[in-house]
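*Asks:* Sequence first, then the predicted structure:
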Amino acid sequence: MSLIKLEDFYPAYREGHSDSKSEIKSFEVCTQGGKKVGSVTDILVDEQQGRFRYLVVDMGLSGFGKKALLPIGLAHINYTDHRVYVEGLSKGQIERLPDLHDLERVDYHYEEQVRDVYRPTTPASVAQGTTKGVSHYEQDPNLYAVNDTQHQSLKLYEERLIASKQRQKTGEVAIEKHVETKTARVSVPVEKERVVIERVTPMGGAAIAPGTAFQEGEVARMEVYEETPDIHKEAFVREEVRVTKVVDQDTVMAEETLRREELEVNTQGHPAVDQER
């Protein structure tokens, strides 16, 4: 895997960063105790992924007058002090670091010489399973993994308006009947018979045949009738009441203010930043 300079991989990395004080290439390289050993002159990234792999350090301040590679995982960048601190960097390590004369000569064997200087001396810490001619940066996380403080994740939240329905009882309709009374009047015409007795003096005075007059027990009978009203009550269906339910459709409008978190990227210096959604 080839290494190239940051500006060759990402020519526009300086855009928007005009402050030269934030340029890492001008930072001093110091030990954790604050002893200056050099300054950063370049940043090397891998050609395929563009990931930071090394800082090129000019060791002139240490008296050795050479350029050497510092794995990015060992660099603790302090933008406030404009310094890069290296934990555990000793004079012996500086002496054993191979001088960087030409970037094109940086191959697997050269990187192995660099890694051997920075690797701990315990056998368990030596990278396992490396293949000759191939730089397996993932197998040396203590040298190439960026500090966890530079690999934090942020969760961006947003509020959404969720609409749902609940069925609840809003009331009850009870229908019952009761009896009301009123006085009704009705007129029924009736007939009554009566007997009218009239005495009339016959005209002419003709004689009656003997034997027909003065007979005992002769009676005239006439039946007399009258109508009496027959009034009674009967129940009839006056009207029928049907009780049913219907469902009316209605739309209820609701309005709420929703919050959403957006990402703000604030950078110092001129770091290469890939922003993927």
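*Replies:* That came through fine.

*Asks:* Quick one: the helices in the stretch 1-150 of the chain, in order.
*Replies:* 6-9, 91-96, 108-118, 141-144 (DSSP state H, counting those that start in this stretch).

*Asks:* Give the buried residues for the second one.
*Replies:* Using 16 or more other CB atoms under 10 Å as the test for burial, helix 91-96 gives residue 94. (Glycine included, C-beta is placed from N, CA and C.)

*Asks:* re earlier: dump the helices of the stretch 1-150 of the chain into TSV; add mean pLDDT and distance to residue 248 as well.
*Replies:* Shown next, in TSV, are the helices of the stretch 1-150 of the chain (pLDDT from 0 to 100; distance: least, CB to CB, whole Å):
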stretch	mean pLDDT	distance to residue 248
helix 6-9	82	67
helix 91-96	84	84
helix 108-118	89	78
helix 141-144	84	67
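
*Asks:* Would you reformat those helices as a markdown table and include distance to residue 170?
*Replies:* Formatted as a markdown table, those follow (distance: least, CB to CB, whole Å):
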| stretch | distance to residue 170 |
| --- | --- |
| helix 6-9 | 68 |
| helix 91-96 | 81 |
| helix 108-118 | 76 |
| helix 141-144 | 65 |
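
*Asks:* Out of the ones you listed, flag the one nearest residue 262.
*Replies:* Set against residue 262 and scored by CB to CB, the helices of the stretch 1-150 of the chain come closest in helix 6-9, at 28.0 Å.

*Asks:* that older thread, nearest to residue 255 among the helices of the stretch 1-150 of the chain would be which one?
*Replies:* Here helix 6-9 is closest among the helices of the stretch 1-150 of the chain (CB to CB), at 49.2 Å.

*Asks:* pull the CA atoms of the closest one into CSV?
*Replies:* The C-alpha trace of helix 6-9 is given here as CSV (Å, rounded to 0.1, in the frame of the first residue of the first chain):
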residue,chain,number,x,y,z
LEU,A,6,-2.0,14.7,2.4
GLU,A,7,-2.1,17.6,-0.1
ASP,A,8,-1.6,15.1,-3.0
PHE,A,9,-4.5,12.9,-1.8
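
*Asks:* Counting by contacts, list what it packs against.
*Replies:* Contacts defined by 3 or more CB pairs under 8 Å, 6 or more residues apart in numbering; DSSP states H and E place helix 6-9 against strand 36-46.

*Asks:* Now do the strand it packs on: everything it contacts.
*Replies:* 1-6, 9-10, 24-31, 51-62, 67-69, 84, 86, 89, 94, 103, 106, 137, 272 (CB atoms under 8 Å, 6 or more residues apart in numbering).

*Asks:* Tell me how far it lies from the chain's centre.
*Replies:* Offset of strand 36-46 from its chain centre (CA atoms, centre = their mean, to the nearest Å): 46 Å.
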